[in-house]
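A.B. asks: Here is my input; please provide its structure:
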Amino acid sequence: MIKDRLSPKYIVIAIVVLALLLLLRKSVFYAEPGYIYHVRTVTGDEQVVTDVGYHLFILGRWNAWKRAMTVQATAATMGDQVNAEKESSETSASLPPLSIMFLDQVDAHAQATVRYSIPSDEEAFLNLAHEYRSPENLLRTALIPAFKETLQANASLMSAEEYYSGGRTEFNSEFEQQMAQGIYLVRREEVSVESQRKVSGSANAALGTQQQEYGDESKTIFVVNKVLGEDGQARRKKQRFTEFGISVVDARVTDIKPNNKFVERMRLKQKASADRAIAREQRIQEEEQRLLAIAKGEREVAERQASAKVEQIQKTTEAETEKQLAITQATKLREEATIAAETAKINLEKARVEAETQKTLADAEAYQKKVILQADNALAQKLQAEIEIQKLWADAFARRKVPTNVFGSGSAPTGSDSETRAFMQMLTLDAAKRLNYQREVDSKK
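C.D. replies: Residues are numbered from 1 along each chain as shown. Got it, this is the predicted structure:
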């Protein structure tokens, strides 16, 4: 029975099955996503496979190309590694940091990454596959050299001091542009420039602050000028890989580490800059303190001026008030004087009128009296004088001292009332003679 199983018929069948399996293994493959496959058949045909899934090609050969290849220089890599078709590889080519030289002859190690995209149309891809035959050849002969050359060319456009003084963004932008559009054609020149800061001596005391400048204040710097074409645009050396439809998706410089001497120089410069900044801040602080003192003094002066001004205004106001009161009082007195003068004038006029009236009345009364006197020979006056005389005699008679005992001879004693009356009558007659008037009124008058 075992012999039956090992018969030639079964052996042939097993060989055929094995051959079919080998044939299928060489004819069927699975297209992974993110890859483009270059397939060659036994008949000489070539095909480009971009669809994901299983594909059958009888006795065909193929190799996989990543749709995007990455060239990266990083410090984590100890040596050149090219992994063109491994899915687990994060980069297509991983390199150690590249040594570059800046414009000012400072060497450094740069870390950078460039990602390329290969063409997906059949004609361009086949042209690329015919030229380089495998992704490894493309990386080694085109993409990696372009990466290194562009990074070094980009470093020669800028000095290390400019890079670390704020030119990092410009450096990255220029690197990406040169990777995508081509390397600038440049011309390096030495230029002598004059320093903006002039140094003056201080040893000649006779010159005081007007010291003379000393030393050579010029220095030589290197300038890289881009070569311009007839159209005024910068001329470029085109990237070779762009002729095969390969484009740059992303390019960036992640880190640059200069040599230790430059680092020490930059540290000293930073320290000097920090010292200058501190000194500048201290100077600004001193200036602020000075300005504060000035402002405080000005404020105190302003306060005193304001206080003096308030006092002055108050005194001025009081003086003005007193002046106005004096003016008002003077005006009042002047007006009162004016009124008094007017009143006096009026009173004078009134008195004059009254005097004239009194005079007129007196003249009239005198005239009347004169007329009356002329008419009755001044009888009323004479009568009044007689009455007064009689009053005097009567008063004297009433107050005469009469003695208690009167001694005399004859019929009437001396000092009696009859004697007194006789004496009074005599005096009256004597007065009437002196008055010489008549008691009758002339009827003719």
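A.B. asks: count of neighbours near residue 154?
C.D. replies: Close neighbours of residue 154, defined as other C-beta atoms under 10 Å, add up to 25. For glycine as for every other residue, the C-beta is placed from the backbone atoms N, C-alpha and C.
A.B. asks: can you pull out the helices in the stretch 101-250 of the chain?
C.D. replies: Using DSSP state H, counting those that start in this stretch, the helices of the stretch 101-250 of the chain run over 122-132, 135-138, 144-155, 160-162, 168-181.
A.B. asks: how distant is the first one from the center of its chain?
C.D. replies: The chain centre lies 66 Å from the centre of helix 122-132; the measure is C-alpha atoms, centre = their mean, to the nearest Å.
A.B. asks: Please name every helix or strand in contact with that helix.
C.D. replies: Packed against helix 122-132 by the contact rule (3 or more C-beta pairs under 8 Å, 6 or more residues apart in numbering; DSSP states H and E) you find strand 35-40, strand 46-49.
A.B. asks: what does that helix rub up against?
C.D. replies: 36, 38, 46, 48, 65, 118-119, 138, 141-142, 244-246 (C-beta atoms under 8 Å, 6 or more residues apart in numbering).
A.B. asks: Please repeat the previous calculation with a cut-off of 7 Å.
C.D. replies: By C-beta atoms under 7 Å, 6 or more residues apart in numbering, the residues outside helix 122-132 that reach it are 36, 38, 46, 48, 118, 119, 138, 141, 142, 244, 245.
A.B. asks: Mind listing what's buried along it?
C.D. replies: 125, 128, 129, 132 (16 or more other C-beta atoms under 10 Å).
A.B. asks: How much space separates the closest residue to residue 138 other than its chain neighbours from residue 51?
C.D. replies: Of all residues not flanking residue 138 in the chain, residue 132 sits nearest, at 4.1 Å (C-beta to C-beta, 6 or more residues apart in numbering). Per C-beta to C-beta, to the nearest Å, residue 132 is found 23 Å from residue 51.
A.B. asks: for residue 240, same thing?
C.D. replies: 30 Å.
A.B. asks: Can you pick out the residue with more neighbours from those two?
C.D. replies: Per other C-beta under 10 Å, whichever of residue 240 and residue 51 has more neighbours is residue 240, with 14 against 8.
A.B. asks: show me the contacts for that one.
C.D. replies: Taking C-beta under 7 Å, 6+ apart as the test, what residue 240 contacts is 142, 146.
A.B. asks: Also the one 10 residues further on?
C.D. replies: Contact analysis of residue 250 by C-beta under 7 Å, 6+ apart lists residue 115.
A.B. asks: any idea how far residue 393 lies from residue 386?
C.D. replies: 11 Å.
A.B. asks: just residue 399 next, same as before
C.D. replies: Using C-beta to C-beta, we find residue 399 at a distance of 21 Å from residue 386.
A.B. asks: filter the contacts of helix 122-132 to the buried ones?
C.D. replies: Neighbour-count burial (16+ other C-beta under 10 Å) applied to those gives 36, 38, 48, 118, 119, 138, 142, 244, 245.
A.B. asks: quick one: pLDDT of the closest residue to the first one other than its chain neighbours?
C.D. replies: Looking back up the chat, that one is residue 36. Excluding its sequence neighbours, the residue lying closest to residue 36 (C-beta to C-beta, 6+ apart) is residue 65, at 4.8 Å. Looking at residue 65, its pLDDT reads 83.
A.B. asks: Make sure residue 65 is indeed in a strand.
C.D. replies: Yes: when classified by DSSP: H, G, I helix; E, B strand; the rest coil, residue 65 is found to be part of a strand.
A.B. asks: give me the element the residue nearest the centre of the chain is part of.
C.D. replies: For the chain, residue 288 is the residue whose C-alpha lies nearest the centre (C-alpha atoms, centre = their mean; 17.2 Å). Using DSSP states H and E, residue 288 sits within helix 260-376.
A.B. asks: So for that helix, mean pLDDT?
C.D. replies: Mean pLDDT, helix 260-376: 80.
A.B. asks: could we number from 658 for the rest of this?
C.D. replies: With the count now opening at 658, the last piece we talked about shows up as helix 917-1033.
A.B. asks: before we move on, back to that, got the contacts of helix 779-789 as a markdown table, with pLDDT columns?
C.D. replies: Converted to a markdown table, the contacts of helix 779-789 look like this (pLDDT from 0 to 100):
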| residue | pLDDT |
| --- | --- |
| 693 | 84 |
| 695 | 77 |
| 703 | 77 |
| 705 | 76 |
| 775 | 88 |
| 776 | 89 |
| 795 | 89 |
| 798 | 90 |
| 799 | 90 |
| 901 | 89 |
| 902 | 89 |
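A.B. asks: Reformat these into JSON lines and put distance to residue 836 next to each item.
C.D. replies: Below are the contacts of helix 779-789 laid out as JSON lines (distance: C-beta to C-beta, whole Å):
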{"residue": "693", "distance to residue 836": "22"}
{"residue": "695", "distance to residue 836": "25"}
{"residue": "703", "distance to residue 836": "30"}
{"residue": "705", "distance to residue 836": "26"}
{"residue": "775", "distance to residue 836": "15"}
{"residue": "776", "distance to residue 836": "17"}
{"residue": "795", "distance to residue 836": "16"}
{"residue": "798", "distance to residue 836": "17"}
{"residue": "799", "distance to residue 836": "13"}
{"residue": "901", "distance to residue 836": "15"}
{"residue": "902", "distance to residue 836": "16"}
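A.B. asks: Quickly name whichever of those residues is closest to residue 727.
C.D. replies: Nearest to residue 727, judged by C-beta to C-beta, of the contacts of helix 779-789 is residue 775 at 11.8 Å.
A.B. asks: Please report how far the closest one lies from residue 890.
C.D. replies: From residue 775 across to residue 890, the span is 28 Å (C-beta to C-beta).
A.B. asks: Same question for residue 1044.
C.D. replies: Taken as C-beta to C-beta, the span from residue 1044 to residue 890 is 157 Å.
A.B. asks: Could you check the pLDDT of residue 685?
C.D. replies: 66.
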